[in-house]
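# I'll drop the sequence and a predicted model, then ask my questions.
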Amino acid sequence: MEIMQGKDITVLAGFIMICLAAGGIGSLFTMQSIPTWYAGLNKPDFSPPNWVFGPVWTTLYILMGIAAYLVYAKGMKKKEIRGALMIFGGQLVLNTLWSILFFGLHSPLYGFVCIIALWLAIAATIWKFYGVSKNAGLLLVPYILWVSFASVLNLFIWMMN
């Protein structure tokens, strides 16, 4: 087992912070709408309580950051690694965009269209990451499972409202 050096720890922390920052940007739109607009929506019975989302997303953003670091650590000179990280960046943008569309614009329809694109981008990221680092790919499995659930929830909210 390799011991991480100071630079490696800094880079790992940087990847985690980037992912948490993306979530933080999304939460600027989410937090304003939860007690007002979102509270007034019809939701399916399987909708989790609001307090669940924060800890789940925080955990997922940390896992994303670790996964991205594991891929980055394989060497940025390789085209496949740069490509994998670009796809990762794209899914992170879509992740933030979903919050803007769903909560910021109060549009379950636009949110649903975005979350489908997000799911596809996550699947592509897992595929690419797994090819570089199996552990990196596996770290994203909880993320795609949660987004799968969130997609169904988004669809039901759109249909019920």
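All right, it came through fine. Bear in mind that the values here come from a model prediction, so they are computed numbers and not experimental data.
# could you list every residue that touches residue 130?
Residue 130 sits next to 136, 137, 138 when contact means C-beta atoms under 8 Å, 6 or more residues apart in numbering. All C-beta atoms are positioned from the backbone trio N, CA, C, and that covers glycine.
# how about residues contacting the helix or strand where residue 95 lies?
Using DSSP states H and E, residue 95 maps to helix 79-99. Helix 79-99 has contacts (C-beta under 8 Å, 6+ apart) with 18-19, 22-23, 25-27, 29-30, 64, 67-68, 71-72, 74-76, 111, 114-115, 117-118, 121-122, 124-125, 128-129, 131-132.
# let's go with 6 Å and repeat that
Helix 79-99 is contacted from outside by 22, 25-26, 29-30, 68, 71, 74, 111, 114-115, 117-118, 121-122, 124-125, 128-129, 132, using C-beta atoms under 6 Å, 6 or more residues apart in numbering.
# CA-only coordinates of that helix, as PDB, when you get a sec.
Only the C-alpha atoms of helix 79-99 are listed here, as PDB (Å, rounded to 0.1, in the frame of the first residue of the first chain):
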ATOM      1  CA  LYS A  79      -5.400  10.800 -23.600                       C
ATOM      2  CA  GLU A  80      -7.900   8.300 -22.100                       C
ATOM      3  CA  ILE A  81      -7.400   9.900 -18.600                       C
ATOM      4  CA  ARG A  82      -7.900  13.400 -19.900                       C
ATOM      5  CA  GLY A  83     -11.000  12.300 -21.800                       C
ATOM      6  CA  ALA A  84     -12.400  10.500 -18.700                       C
ATOM      7  CA  LEU A  85     -11.900  13.600 -16.600                       C
ATOM      8  CA  MET A  86     -13.600  15.800 -19.200                       C
ATOM      9  CA  ILE A  87     -16.600  13.500 -19.200                       C
ATOM     10  CA  PHE A  88     -16.500  13.700 -15.400                       C
ATOM     11  CA  GLY A  89     -16.500  17.500 -15.600                       C
ATOM     12  CA  GLY A  90     -19.400  17.400 -17.900                       C
ATOM     13  CA  GLN A  91     -21.500  15.300 -15.600                       C
ATOM     14  CA  LEU A  92     -20.600  17.600 -12.700                       C
ATOM     15  CA  VAL A  93     -21.900  20.600 -14.700                       C
ATOM     16  CA  LEU A  94     -25.100  18.700 -15.500                       C
ATOM     17  CA  ASN A  95     -25.500  17.900 -11.800                       C
ATOM     18  CA  THR A  96     -25.400  21.600 -10.900                       C
ATOM     19  CA  LEU A  97     -27.600  22.500 -13.900                       C
ATOM     20  CA  TRP A  98     -30.300  20.100 -12.600                       C
ATOM     21  CA  SER A  99     -30.600  22.100  -9.400                       C
END
